[in-house]
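Participant: sequence and predicted model, in that order:
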Amino acid sequence: MKSLDFKNELNKEQYEVVTGGKGPHLVLAGAGSGKTRTLTYRAAWLIDQGIKPEKILLVTFTNKAAAEMMYRVKNLLGLKVEDKLSLWGGTFHSLANRLLRIYGKYIDIKSDFTILDSDDSDNLLKLISKDYLASLPAKHRPSPGVLRETISFATNSGIDIQTSLETKFPEWIVLLENIEKIASEYQRRKRESNVLDFDDLLVFWKILTEDPEAGVFLQKKWEYILVDEYQDTNTIQADIIYNLAKLHNNVLAVGDDAQSIYSFRAADIRNILEFPDKFKNTKVHKLEINYRSTPEILDVANQIIAANSNQFTKNLKASRESHVRPELAALPGPTQEASFIVDRMQQHFEKGLRADQVAVLFRAASYSQNLEMELNRRGINYEIRGGMRFFERAHIKDLLAYIKVLGNFRDEVAWRRILQMQEGIGPVTAFRIYQQIVEVGDLAKLREAGFNMADKAGASWSKILMVIDDLLKHKKDNVSKLINIVIDFYHPYLKTKFTDYRQRQDDLEQLAIFASGYEELDLFLNEISLQESFSGKESEKREDKVILSTVHQAKGLEWEAVFVINMTDQAFPHPLCVKEEEREEERRLFYVASTRASRYLYLTYPMSMVRYDGYHTLKPSPFLADIDSNLFNSNDMSRSASYSAEDGVEYVADPDGFLPDVTDW
């Protein structure tokens, strides 16, 4: 083992954590404060102190993080990548799988169990649900994905199926009794088949830690437990750590309550906030020196999170030199916002930044549409993180298929897509119907053609004809009207097909907003065709691509320049987040977004949008009111917004507001 100079290789805060000795430790690691470095040095220090590697358990959340940490520990110890290290390290799920293979016999788990992935679980739930929901029409049955997510959320949150449904999918609460029976049968079938899903791995690891014999054995197995990203633990994971640490109490949890943003996955911020209560005599450490961002960016980030009341107070301090202030820009509408962002990008490219050093972050993927179109127009490559390009998304293509046949009734791809979404129509029937459509030769004459079909297919075709009739009636209207006609028809299919249908519904509404700028169907279809052709253009080099990402997908990453867009009260916080704890998580999400930037941070928002039902004024996010305006370089429009805690925001908008060039800062 090579000699390590811990004191000189770590800052004072990190050194105190690494050499903290026995007992429980809670490490509140601010964004960019060297969390991974601290955790891996802690493991190396323990080994340097004579602790056997096999007596240390290092728990992470992703395979990538686990591999990175094991690599770093080996490197610190002077080992090669291929050398074996007996330290136990991995994700919660991988460790559970490994332990249950060895010790599962104590709780009647056979070592040769197989693991169900999400597709396997969906197939089993689909089979089971036939016995309990067969009498209901397809559009009145929850999808297997909805059933799986309901059961999973209940399991990981330690709640019942009813509470899970009320939280995740309240529209299906009318089928509570059926879903409870499906969930019960799902558990029985898994045990009977000797299979476990991902949630079972955690559940049975927890049960293993509570077994009178196996639990004590596991407590003795590890003397030190190190846990990464503790703010992301769910109820089961927190219980596992608590049970394992009962004997020696040597547990070190690293996390940041200010970056707890995954409650929709059952992560519970109370696990980190209440850690000192659960583990008596906990020593709390704070890592507040930030190595990523400039002082100006951290001043903004600190004020963002300071508005939350339920937190450990921290104040990030920059190790980097002073730079430019973040920029706050209000724009007349979404199109101008997209144009402004791309203008700024191109200025940065001219000054030497690579495309992959620039990211645009948004609260929901549906907000990327205008920006994608502007990037395509200017020939700038981009990569979507956490999803597909807007016009490649399945639900967008589904809806546009109806609009396309309105413009070209011979469009075989569009017709097949429309037909195969319907009950009773498979690929063969869809092709036969398409051939008949072409023979008729006119969209307006389809109803009188009288196609001969089986009952289910015939009923589905009748519904399609109703939509086509309505579209033909309004063909001369604004294109947004046509899209909203299809949205109303498509919604039941969307609801039963996709578990994240609410987010997809947002996408469809954004499409309708975009289409409101088109009075002529042909022009709209031409624009869509251009976007779809751009979608196939992929650059071989990652350096050639700007990153577009949801904030959730961006956690843990960093870029030189970051744009956080659509900072309106209708987008950030999300309109459905009305409870105080939800608003606080939304503010943490904003904090995560702002701390992804190392040198340049832009916050932008449109002041209005045009929808099919008219012009709508937008207000800036209330989160912006928490930040001292002197911390920004602001354009005239954003400076003209007067914040009021009681009355919201009023505008004295200047449509010709000057947007300063980067060189004017």
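Facilitator: Yep, it's here. All of these numbers come straight from a predicted model, not from anything done at the bench. Numbers count the residues shown, from 1 in each chain.

Participant: please count neighbours and contacts with C-alpha atoms only from this point.
Facilitator: Will do.

Participant: list the contacts for the residue sitting nearest the centre point of the chain?
Facilitator: Among the residues of the chain, the one closest to the centroid is His552, at 4.1 Å (CA atoms, centre = their mean). By CA atoms under 8 Å, 6 or more residues apart in numbering, the contact list for His552 reads Ile261, Leu589.

Participant: what's the answer for Leu618, then?
Facilitator: Neighbours of Leu618 in contact, by CA under 8 Å, 6+ apart: Thr568, Asp569, Gln570, Pro606, Met607, Ser608, Met609.

Participant: where is pLDDT lowest across these?
Facilitator: For those, the weakest pLDDT value sits at Met609, with 78.

Participant: in a helix, it, correct?
Facilitator: No. If the criterion is DSSP: H, G, I helix; E, B strand; the rest coil, then Met609 is strand and not within a helix.

Participant: give me the neighbour count for Ser135.
Facilitator: 10 (other CA atoms under 10 Å).

Participant: Validate this expectation: it resides in a helix.
Facilitator: No. Applying three-state DSSP, one finds Ser135 to be coil, outside a helix.

Participant: torsion angles phi and psi at it?
Facilitator: Note on Ser135: its backbone torsions stand at phi -80, psi -10 [degrees, to the nearest 10].

Participant: so where do the strands sit in the stretch 51-200 of the chain?
Facilitator: Along the stretch 51-200 of the chain, counting by DSSP state E, counting those that start in this stretch, strands occupy 56-60, 88-91, 114-116, 195-197.

Participant: confirm for me that Asp411 is in contact with Ile403.
Facilitator: No. If you go by CA atoms under 8 Å, Asp411 and Ile403 don't touch, sitting 10.6 Å apart.

Participant: so for the two, which residue has more residues nearby?
Facilitator: Neighbour count, other CA under 10 Å: between Asp411 and Ile403, Ile403 has more, with 23 against 15.

Participant: what distance do you get for Asp197 to Arg189?
Facilitator: To Arg189, Asp197 is 12 Å away according to CA to CA, to the nearest Å.

Participant: who's more crowded, the two?
Facilitator: Asp197 (18 against 15).

Participant: what residues are bridge-paired with that one?
Facilitator: Leu116 (DSSP bridges).

Participant: which residues does it contact?
Facilitator: Contact analysis of Asp197 by CA under 8 Å, 6+ apart lists Ile115, Leu116, Asp117, Ser118, Ser121.

Participant: could you list the buried residues of the host helix or strand of Asp469?
Facilitator: Assigned by DSSP states H and E, Asp469 falls within helix 455-473. Residues Ala457, Gly458, Ser460, Trp461, Ile464, Val467, Ile468, Asp469, Leu471 are the ones in helix 455-473 that count as buried (16 or more other CA atoms under 10 Å).

Participant: repeat for stretch 136-152
Facilitator: Arg141, Pro142, Ser143, Pro144, Gly145, Val146, Leu147, Arg148, Glu149, Thr150, Ile151, Ser152.

Participant: pretty sure the first one contacts Leu494?
Facilitator: Right, Arg141. No. Taking CA under 8 Å as the definition, Arg141 is not a contact partner of Leu494, at 12.0 Å.

Participant: who are the packing partners of the helix holding Asp469?
Facilitator: The elements that helix 455-473 packs onto, with contact taken as 3 or more CA pairs under 8 Å, 6 or more residues apart in numbering; DSSP states H and E, are helix 394-407, helix 479-497.

Participant: how far away is the residue nearest to Ala571 when sequence neighbours are not counted from Thr62?
Facilitator: Among residues not flanking Ala571 along the chain, Arg363 sits closest, at 6.8 Å (CA to CA, 6 or more residues apart in numbering). Going from Arg363 to Thr62 by CA to CA gives 23 Å.

Participant: same check, this time on Ile425
Facilitator: 41 Å.

Participant: all helices for the stretch 451-600 of the chain, in order.
Facilitator: Remark: helices assigned in the stretch 451-600 of the chain by DSSP state H, counting those that start in this stretch are 455-473, 479-497, 501-515, 521-535, 551-554, 580-594.

Participant: actually the stretch 1-150 of the chain, not the one I wrote
Facilitator: Going by DSSP H, counting those that start in this stretch, the stretch 1-150 of the chain shows helices at 6-9, 12-18, 35-48, 63-76, 92-103, 118-133, 144-157.

Participant: for the host helix or strand of Asn376, packing partners?
Facilitator: Assigned by DSSP H and E, Asn376 falls within helix 369-377. Packing partners of helix 369-377 (3+ CA pairs under 8 Å, 6+ apart): helix 334-350, helix 501-515, helix 521-535.

Participant: touching it from outside, list them.
Facilitator: The contact list for helix 369-377 (CA under 8 Å, 6+ apart) reads 334-335, 338-339, 342, 381-382, 389-390, 510-511, 514, 531, 534.

Participant: so which bits of it are buried?
Facilitator: Gln369, Asn370, Leu371, Glu372, Met373, Glu374, Leu375, Asn376.

Participant: also stretch 408-427?
Facilitator: Applying 16+ other CA under 10 Å to stretch 408-427 flags 409-410, 412, 414-425 as buried.

Participant: how far out from the middle of the chain is that stretch?
Facilitator: A distance of 32 Å separates the centroid of the chain from that of stretch 408-427, by CA atoms, centre = their mean, to the nearest Å.

Participant: pull the residues that contact stretch 259-273.
Facilitator: Where contact means CA under 8 Å, 6+ apart, the residues beyond stretch 259-273 that reach it are 153, 156-157, 230-235, 238, 255, 257, 311-312, 552, 585-586, 588-589, 591-592.

Participant: just the buried subset of these, please.
Facilitator: Applying 16+ other CA under 10 Å to those, the neighbour count classes 153, 156-157, 230-235, 238, 255, 257, 311, 552, 585-586, 588-589, 591-592 as buried.

Participant: quick check: the gap between the closest residue to Lys495 other than its chain neighbours and Val195.
Facilitator: Leaving aside its sequence neighbours, Lys495 sits nearest to Tyr501 (CA to CA, 6+ apart; 5.6 Å). Distance check for Tyr501 against Val195: by CA to CA, it reads 29 Å.

Participant: please apply the same query to Val592.
Facilitator: Noted for Val592: a distance of 38 Å to Val195, by CA to CA.

Participant: I am finished for the moment; much appreciated.
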